[in-house]
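Engineer: build me a model from this:
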Amino acid sequence: MTERLPMREITDPRMLRAMAHPVRLRLINELGLHGPATATELAERVGESAANCSWHLRQLAKFGFIEEAEGGVGRNRPWRWVPMGNRWGGPDDPPEMMQAGSELNATLLAQELAKRNRWDEQRQTDDSPWRHAAFSVQNVSWLTADELAALEDELVAVLTKYNHRITDPGGRPEGSRPVRMVAWAHPEPS
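Structural biologist: Numbers count the residues shown, from 1 in each chain. I've put the predicted structure just below:
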């Protein structure tokens, strides 16, 4: 099964700024990877206070990135990730949207790089199959704009091949782990 998550087109810079906070990105990540949790549970996982997490969770909910889950009340109410991909950064966006997108991209990439560096630090002590399966790839090619657009479609298909396992824990094979994949492509800056 290669079901893609529904895609949300973000056109409001306030939504991008709401997501661009490092704590909020960690909260979204925790809810997406590990399922519903309360602010107190999330606080322990991300190293923040429960009050701070609660405030950030409400901000994320205001823009529809997360929502209240069933089974709780008051301080014990769980939150869940709304399974949806996000797209932003059209070539004709107004300057405020471009700036907000750049800020979010910088925060996302900083967090991804930090996780990549943590993997490098622990790689030698991890299970052998994972130590050998993980990889990094870097490449430069000469492409036309049309070829680059087609390559994006191909990469998205590869990167989202197992998305159904995010929302269906029963579909996760024995021994599977969350695996982070990041790709970007742009012409060489002049």
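Engineer: for residue 60, see how far away the closest residue to residue 54 other than its chain neighbours is.
Structural biologist: Using Cβ to Cβ, 6 or more residues apart in numbering and skipping the chain neighbours, the partner closest in space to residue 54 is residue 39 (4.0 Å). In short, each C-beta sits where N, CA and C put it, glycine included. According to Cβ to Cβ, to the nearest Å, residue 39 stands 11 Å off from residue 60.
Engineer: okay, now the unreliable bits of this structure?
Structural biologist: 1-3 (pLDDT under 70).
Engineer: if we use 80, what do you get?
Structural biologist: Of all residues in the chain, those with pLDDT under 80 make up the ranges 1-5, 72-75.
Engineer: and the helices in the chain?
Structural biologist: Secondary structure of the chain, counting by DSSP state H: helices at 13-19, 22-34, 39-46, 50-62, 95-122, 128-133, 145-159, 164-167.
Engineer: how about these in TSV, adding mean neighbour count?
Structural biologist: As requested, those are exported to TSV (neighbours: other Cβ atoms under 10 Å):
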stretch	mean neighbour count
helix 13-19	20
helix 22-34	19
helix 39-46	18
helix 50-62	18
helix 95-122	14
helix 128-133	10
helix 145-159	11
helix 164-167	15
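Engineer: for these, which one sits closest to residue 184?
Structural biologist: When the helices of the chain are ranked by distance to residue 184, counting by Cβ to Cβ, first place goes to helix 95-122 at 8.1 Å.
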